[in-house]
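**Q** predicted model, plus sequence, below.
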Amino acid sequence: TPCTSPPLPANPLLAKHGRMLATIDVFVDDFIGAAQGSPSRLLQIRRTLMHSIDAVFRPLQSFDPPHRTEPISTKKLLQGDASWSTSKKILGWLIDTVAMTLTLTPRRLQRLGELLASIPPTRKRLALPTYHRLLGELRSMALALPGARGLFSHLQAALTTRAHNRLRLSPSFHDALNDFRWLHADLGARPTRLLELVPTPPTLVGSHDAAGSGAGGVWFPHPTTTPRDTRYHIIEPDGHFHRRRLSGLGPVVWRMAFPTHIQHALVTAHNPHGSINNSQLELAGAAIHDDVGAQCFDVRERTIKSATDNMSTLFWDRRGSITTTSATATLLRQQALHQRFHRYVKLKDYLPGERNNMADDASRLSHLPPRAFLAHFNQQYPQNQPWRLYTVSPTMRSSVISALLRKTSPLASFLREPAKPQPIGTPGPISAKPYQWILPFKASTTQSPSSKSLPGAFGAASSMHPADPFAAKRWIMPYATLAKRSLRWGPTTHATVPPVNSTFGCNEC
């Protein structure tokens, strides 16, 4: 199954700077720099870095023992390590700042293929050192491979079968390796885009919920979001009800009723031996919620932010994998591959249940016909545009139900190419005011009454009355940026405070 192509227009929510940028990072003994500007500016940045290293680690002197070498490796300098380039090999990755991509080196890609080929599907046992090498190799690559971190649950669960330094390989273990084989085959033609790794201000915000009867959720697009040519149920302002393709943006609500056999398998006070718990239903709702966002809007290389009132779902989603073979592992696998296919960045937040009214109604009102359901939302939660009801596709519904039953679905069943984006004109400056349904991407100044911290620490804003027509305003999820730490945050060295009357000049590097 091929992945969706990268988007053509740039993300208008990306931060714009009026000056050239530069940064230096350190990984163990490797200095990694990225900068913009003219050759002379790049040269000055390199000089600054080298002088800073010499200020901490003194250069060679005549009385040094013969085994001591220069702090800055002359061998690596001659190999071109300190030269500026738009394409560079860094820590085993090839980074291209023009194409904005990140790929594995051919050597690592070949090594991954050989490692996966050494464990055929017919193999029943695996030595523990080989398992550690496999897991370590995959983990090191998963950091920059979207969709990989959700594939480790069944691999990690194999440790529970350990006996005398050997592991028993289950069918689910081999299914996980098949997913990595698909990922390996996809890496050659599909490099990772840098914008798939870095969160930006969200293009979509929303929340989801699930109950024994069904799941539901809502999405609110930013004014700069590109809609897709999707069909919705809608009640027009003139009262006409129909299902058709709509242009422009508007709030989207979805719902899906769980079949009877899923409801009967739910763990309750009357059914303590059920096989599905409520948190797994919430995670299933999260998987559907992400698909609705990808099918209704162009989320390629965009950040989407959704909220849940279930803490287990929140941390499962953030971790990406667990160490069991339960329905949770199958759902996390499906979510990870879905994210890679549609190329979005996902953020997850917590929303208390008393503030999650809209998603709660969407999950519990599956018995209403579409017209009555939309009439309820338009009356209880009015927005600038009428609500649009999206119908979950049968294939997505089937794959989520199968995941709840711990059955692995083929990729084609839930990786569907979305409808084409609606045509847009040449982007200009953003002059439209934010819609009332958009969650402000800034801190709230409401301090918790019980807080004993500094005035800069903020608590959750108080909930508004449920009867408020613009209920989306109650979703303001405050966060505050931590204050900048002191420039001197580590142990003092002789380079911490420069000598008086010192100058910072250098010869040609």
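**A** Sure thing, it's come through.
**Q** wouldn't Ser87 be in contact with Asp96 here?
**A** Yes - with contact defined as Cβ atoms under 8 Å, Ser87 reaches Asp96; the gap is 4.8 Å. Any C-beta I mention is one placed from the backbone N, CA and C, and that applies to glycine too.
**Q** more neighbours: which of those two?
**A** Neighbours were counted for Ser87 and for Asp96 using other Cβ atoms under 10 Å; Asp96 has more, 15 against 11.
**Q** partners of the more buried one in the sheet?
**A** On the basis of DSSP bridges, Asp96 is bridged to Ser87, Thr101.
**Q** sheet partners, orientation included, of the one helix or strand Ser306 maps to?
**A** Using DSSP states H and E, the element containing Ser306 is strand 303-308. Paired neighbours of strand 303-308 in the sheet (DSSP bridges): strand 204-210 (parallel), strand 345-350 (parallel).
**Q** give the buried residues for the last one.
**A** Neighbour counts over strand 345-350 (16 or more other Cβ atoms under 10 Å) mark Val345, Lys346, Lys348, Asp349, Tyr350 as buried.
**Q** just send the strands paired with strand 303-308 back as CSV, with distance to Met396 and mean pLDDT too.
**A** As requested, those are exported to CSV (distance: least, Cβ to Cβ, whole Å; pLDDT from 0 to 100):
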stretch, distance to Met396, mean pLDDT
strand 204-210, 14, 96
strand 345-350, 17, 94
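**Q** now for this structure, the helix or strand with the poorest mean pLDDT.
**A** Taking mean pLDDT, DSSP states H and E as the measure, the helix or strand of the chain with the lowest value is helix 74-78, at a mean of 86.
**Q** could you check how far it is from the centre of its chain?
**A** Averaging C-alpha positions (Cα atoms, centre = their mean, to the nearest Å) puts helix 74-78 38 Å from its chain's average.
**Q** for it, name the packing helices and strands.
**A** Under the contact criterion of 3 or more Cβ pairs under 8 Å, 6 or more residues apart in numbering; DSSP states H and E, the helices and strands touching helix 74-78 comprise an empty set.
**Q** can I get it as CSV, trimmed to CA atoms?
**A** This file holds the C-alpha atoms of helix 74-78, laid out as CSV (Å, rounded to 0.1, in the frame of the first residue of the first chain):
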residue,chain,number,x,y,z
THR,A,74,42.1,16.6,12.9
LYS,A,75,41.3,13.3,11.0
LYS,A,76,37.6,14.1,10.9
LEU,A,77,38.3,17.7,9.9
LEU,A,78,40.3,16.5,6.9
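**Q** other residues contacting it?
**A** Helix 74-78 is contacted by residues Ala82 when judged by Cβ atoms under 8 Å, 6 or more residues apart in numbering.
**Q** do the same with stretch 33-44
**A** Residues from elsewhere that reach stretch 33-44 (Cβ under 8 Å, 6+ apart): Met20, Leu21, Ala22, Thr23, Ile24, Asp25, Ile45, Arg46, Leu49, Trp84, Thr97, Cys509.
**Q** in CSV: the buried residues of strand 345-350, plus distance to His222.
**A** As requested, the buried residues of strand 345-350 are exported to CSV (distance: Cβ to Cβ, whole Å):
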residue, distance to His222
Val345, 14
Lys346, 16
Lys348, 18
Asp349, 16
Tyr350, 21
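**Q** about what we covered before: between the strands paired with strand 303-308, which one is closest to Arg231.
**A** Nearest to Arg231 among the strands paired with strand 303-308 is strand 204-210 (18.7 Å), distances taken as Cβ to Cβ.
**Q** and the following helix or strand past that closest one, which strands flank it?
**A** The C-terminal neighbour of strand 204-210 among helices and strands, as given by DSSP H and E, is strand 214-221. Partners of strand 214-221 in the sheet, by DSSP bridges, are strand 204-210 (antiparallel), strand 252-257 (antiparallel).
**Q** looking at those, which is buried most?
**A** strand 204-210 (a mean of 29; mean count of other Cβ atoms under 10 Å).
**Q** dump the C-alpha coordinates for that one into CSV.
**A** The C-alpha coordinates for strand 204-210 follow below in CSV (Å, rounded to 0.1, in the frame of the first residue of the first chain):
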residue,chain,number,x,y,z
LEU,A,204,-7.2,20.5,13.7
VAL,A,205,-8.3,20.4,17.3
GLY,A,206,-11.0,18.2,18.7
SER,A,207,-12.0,15.5,21.2
HIS,A,208,-13.4,12.0,21.2
ASP,A,209,-15.2,9.7,23.6
ALA,A,210,-16.6,6.2,23.8
